[in-house]
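Trainee: Kindly generate the corresponding structure for this input.
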Amino acid sequence: MSNVPSLKDTLLIVAVIALAWAVFMLVNQPPKGNWVTADGVKIWPLPKEAVLVERNAAFEKRVRELYESGRLIVFTGQAISGGIDKVRAREKAKINAYKELAEYFETRLQTFAQLVEGQIQAIKDKDRVTSVAVNAYKRVTELFSEAKVSGAYVYAVWEEMVGSLVYTTVLLVFDPVGAVEAAKQTVMADQEISKAIEELGKNGVDFFKMLNEVISEAKK
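Mentor: From the prediction side, this is the model:
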């Protein structure tokens, strides 16, 4: 009796293998959907054909907490590539997201100056004090946008095929509480900034309170 499988048996084996492979690919492909979630809560809509390829599980609970308390601040960065070097594409998208963060603080510079001026109306040399405050603001917010202090992190990455191109998008979360606390610690090690903030305090300006007010405007 021959042990060679019949054509029918061979076709059956091929069909089973093909089915198993299809199931494997379906189960193991990156999650595809219309939302970025945090601990089960929808926080950011995705394009219909986008594929979520990364979500930072370590920060899920914190992101949900920020979202539900109305303090979630996010920025997006995008990179377009041929889909070959995905690591480079993600890094470029991340850089662009941090640029958005930097631009946000830059556009709020005048708002910060006005908040400071509102606290020092009775001071004779208020122009000088305002200048000191603005310079300190620039230095501290640069720490955020250059990722030199914690508080901003990549939470999610998704990709979308458009023709032969891959659009890679990064969702950057800015944690206002964590960022300001981290900035306070960093400032203590920078004599120039800490001296400026100390001088502002003597003139009735709570620097970090003003900074918090500027950051809170991101949700308005």
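Trainee: bridging residues for the spatially most central residue of the chain?
Mentor: Nearest residue to the geometric centre of the chain (CA atoms, centre = their mean): Leu172, 1.0 Å. Assessed by DSSP bridges, Leu172 has beta-bridge partners Phe75, Val154.
Trainee: so what's it up against?
Mentor: Leu172 sits next to 74-77, 94, 97-98, 100-101, 152-155 when contact means CB atoms under 8 Å, 6 or more residues apart in numbering. Where C-beta positions appear, they are placed from N, C-alpha and C, glycine not excepted.
Trainee: just the buried members of the residues you listed?
Mentor: Listed as buried from the contacts of Leu172 are Val74, Phe75, Gly77, Lys94, Ala97, Tyr98, Glu100, Leu101, Ala152, Tyr153, Val154, Tyr155; burial here means 16 or more other CB atoms under 10 Å.
Trainee: Which of those sits closest to Asp39?
Mentor: Tyr155 (11.7 Å; CB to CB).
Trainee: contacts for stretch 83-103?
Mentor: So stretch 83-103 is contacted by 54, 75-81, 141-142, 144-147, 152, 154, 157, 159, 161, 165-166, 168-172, 174 (CB under 8 Å, 6+ apart).
Trainee: Mind checking which of these are in strands?
Mentor: 54, 75-81, 152, 154, 157, 159, 161, 165-166, 168-172, 174 (DSSP state E).
Trainee: Tell me the buried residues within the residues you listed.
Mentor: 75, 77, 79, 81, 152, 154, 157, 159, 166, 168-172, 174.
Trainee: residue ranges with poor pLDDT in the chain?
Mentor: Within the chain, the segments meeting pLDDT under 70 span 1-33, 121-123, 147-150, 217-220.
Trainee: rerun that using 90 as the cut-off
Mentor: 1-34, 48-49, 70-71, 83-86, 101-152, 174-220 (pLDDT under 90).
Trainee: need the strands for this structure, in chain order.
Mentor: Using DSSP E, strands in the chain cover 35-38, 41-45, 51-55, 73-81, 152-162, 165-174.
Trainee: Could you dump those strands into TSV with distance to Phe105 added?
Mentor: Below are these laid out as TSV (distance: least, CB to CB, whole Å):
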stretch	distance to Phe105
strand 35-38	24
strand 41-45	21
strand 51-55	26
strand 73-81	11
strand 152-162	11
strand 165-174	10
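Trainee: how about these, which one is nearest Glu213?
Mentor: Nearest of the strands of the chain to Glu213, taken as CB to CB: strand 73-81 at 13.7 Å.
Trainee: tell me what the closest one is packed against?
Mentor: helix 86-107, strand 165-174 (3 or more CB pairs under 8 Å, 6 or more residues apart in numbering; DSSP states H and E).
Trainee: ok so, going back, nearest to Thr107 among the buried ones among the ones in strands among the contacts of stretch 83-103?
Mentor: Thr107 lies nearest to Phe75 out of those, by CB to CB, at 12.5 Å.
Trainee: Distance-wise, check the closest one relative to Val51.
Mentor: Look at Phe75 and Val51: by CB to CB, to the nearest Å, they are 21 Å apart.
Trainee: dump the residue contacts of Thr141.
Mentor: With CB under 8 Å, 6+ apart, Thr141 has these contacts: Ala102, Phe105, Glu106.
Trainee: ok, and the most crowded of these?
Mentor: Scoring the contacts of Thr141 on neighbours with other CB atoms under 10 Å, the highest-scoring entry is Phe105 at 21 neighbours.
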